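> Turn this into a model:
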Amino acid sequence: MKLSQFKFNLPESLLASEPTENRDESRLMVLHRDTGKIEHKIFKDVLDYFDDKDVMILNNTKVFPARLYGNKETGATIEVFLLRELNKELRLWDVLVDPARKIRVGNKLYFGDDDLLVAEVVDNTTSRGRTIRFLFDGTDEEFRRNIEILGETPLPKYITRKATPEDKFRYQTIYAKNEGAVAAPTAGLHFSRELMKRLELKGVDFAEVTLHVGLGTFRTVEVEDLTKHKMDSEQFIITEEAAKTVNKAIDLKRRVCAVGTTSMRAIESAVSADRHLKPANDWTSKFIYPPYDFSIANSMITNFHTPESTLLVMIAAFGGYEHVMNAYEQAVKEKYRFYSYGDAMLII
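Have a look, this model is predicted:
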């Protein structure tokens, strides 16, 4: 398929810059992928579509405060976006810098009052990418605490307001555990403790996987031919226990729901020969586009994505191109909220 087939008109006013007051009260569009039928609900109604021994697969990655503001030796203000830790002992990090043209190898970067953290630029990786080394003698715990103090919640760039203390809590799923993501697995943001409890009482099982969401998920696709697009690698972990829970539901022919595109990418990167889920601790650069034969999940929950994004392409592969593009047309007409803090879609 071609990238231009995933264009649609998305008014800027529909990009959600604030979360809904209550997590489980955002809107929910239900798309039946066999018929294309659409229902308009609120998120807590998801309860009506799941039953005893169904399984929801959750991505339990935890977002860390990846955006740091500091200064060069000259006093010039800089932004450093932490992408991933390359070496814990040496405190080497892969980062993006802004303004990139002014940050060169050998520069020292200072963060916080009394230079709470100092880093040195040791390598150029891409036009905006750098490798930096933090010059810090304390324990790893103290280092992490300083990042926590200095770092901001890495809200997506389309949200132009400053991150608030509330974002620290709301741009995080309630089941987040394993730190390592620079963007939230946003489909999971709609789950409240009460809703999870009610799903549990209905007999729904949860299987937790981890995929540390990087910025590559949101990278613009720059090729018309989708087969030529390369995804960035992201680390994922599927435990023995999670695989067992999911496989039991597959064998019982129950509903297996991937909560979010990141959960879907993780499970589709660990499929056994007999189309079951296998334990894994690996990296994936899997890009799912139509036509694609999904092996594990038979339903999914996802947010509304932007035109020509890899996320929309995956949704179309799962829900059917015509059905999904029609649903998106309806979503715009009905003023659903799009993107990270937006509304949700259940595809069954």
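
> distance of the residue most central in space within the chain from residue 292?
Nearest to the mean C-alpha position of the chain, counting by Cα atoms, centre = their mean, stands residue 185 at 3.1 Å. As judged by Cβ to Cβ, to the nearest Å, residue 185 and residue 292 stand 20 Å apart. Just so you know, the C-beta spots here come from the backbone N, C-alpha and C atoms, and that holds for glycine as well.

> which non-adjacent residue is nearest residue 52?
Once flanking residues are discounted, residue 52 sits nearest to residue 203: 3.2 Å by Cβ to Cβ, 6 or more residues apart in numbering.

> I figured the one you found hits residue 51, correct?
Yes. Under the criterion of Cβ atoms under 8 Å, residue 203 makes contact with residue 51 at 6.7 Å.

> can you tell me which residues contact residue 70?
Shown in contact with residue 70 (Cβ atoms under 8 Å, 6 or more residues apart in numbering): 77, 78, 80, 109, 110, 111, 112, 117.

> The second one: helix or strand, and which one exactly?
Looking back up the chat, that one is residue 78. Using DSSP states H and E, residue 78 maps to strand 77-87.

> Can you give the distance of that strand from its chain's centre?
18 Å (Cα atoms, centre = their mean, to the nearest Å).

> Might you report the residue contacts of residue 203?
Here residue 203 is in contact with 51, 52, 53, 54 (criterion: Cβ under 8 Å, 6+ apart).

> what about the last one, how many residues close to it?
Number of residues near residue 54 (other Cβ atoms under 10 Å) recorded here: 20.

> residue contacts, the residue lying closest to it once chain neighbours are set aside?
In space, and not counting its chain neighbours, residue 54 is closest to residue 255: 4.1 Å by Cβ to Cβ, 6+ apart. Residues near residue 255 by Cβ under 8 Å, 6+ apart: 49, 50, 51, 54, 55, 249, 298, 299, 348.

> Endpoint to endpoint, stretch 175-182 covers what distance?
Using Cα to Cα, to the nearest Å, one end of stretch 175-182 lies 16 Å from the other.

> Contacts for it, please.
In contact with stretch 175-182 (Cβ under 8 Å, 6+ apart) are residues 58, 60-64, 66, 81-84, 154, 188, 191, 196, 206, 208, 210, 212-215, 235, 237.

> Neighbours of residue 332, how many?
Using other Cβ under 10 Å, residue 332 has 15 neighbouring residues.

> That one sits in which helix or strand?
helix 321-333.

> ok, and for that helix, which residues are buried?
Neighbour-count burial for helix 321-333, counted by 16 or more other Cβ atoms under 10 Å, picks out 321, 323, 324, 325, 327, 328, 331.

> Output the contacting helices and strands for it.
Judged by 3 or more Cβ pairs under 8 Å, 6 or more residues apart in numbering; DSSP states H and E, helix 321-333 is in contact with strand 27-31, strand 38-42, helix 310-319.

> let's see it at 6 Å
Contacting helix 321-333 under the criterion 3 or more Cβ pairs under 6 Å, 6 or more residues apart in numbering; DSSP states H and E is no other helix or strand.

> Following the chain onward from that helix, which element is next?
The helix or strand immediately downstream of helix 321-333 is strand 344-347, counting by DSSP H and E.

> now for that following strand, which elements pack on it?
Using 3+ Cβ pairs under 6 Å, 6+ apart: strand 344-347 touches strand 27-31, strand 299-303.

> which stretch among those strands comes nearest residue 105?
Of all these, it is strand 299-303 that lies closest to residue 105, at 38.7 Å by Cβ to Cβ.

> Show me how far that closest one is from its chain's centre.
Centroid displacement of strand 299-303 relative to its chain, using Cα atoms, centre = their mean, is 12 Å.

> Spell out which strands sit alongside it in the sheet and which way each one runs.
Looking at strand 299-303 with DSSP bridges, its partner strands are strand 256-259 (parallel), strand 344-347 (antiparallel).

> so can I have JSON lines of the ones you listed showing distance to residue 23?
JSON lines is the format used below for these (distance: least, Cβ to Cβ, whole Å):
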{"stretch": "strand 256-259", "distance to residue 23": "13"}
{"stretch": "strand 344-347", "distance to residue 23": "10"}
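
> Looking at the ones you listed, which one is packed in the most?
Mean neighbour count, computed with mean count of other Cβ atoms under 10 Å, is highest for strand 256-259 among these, reaching a mean of 28.
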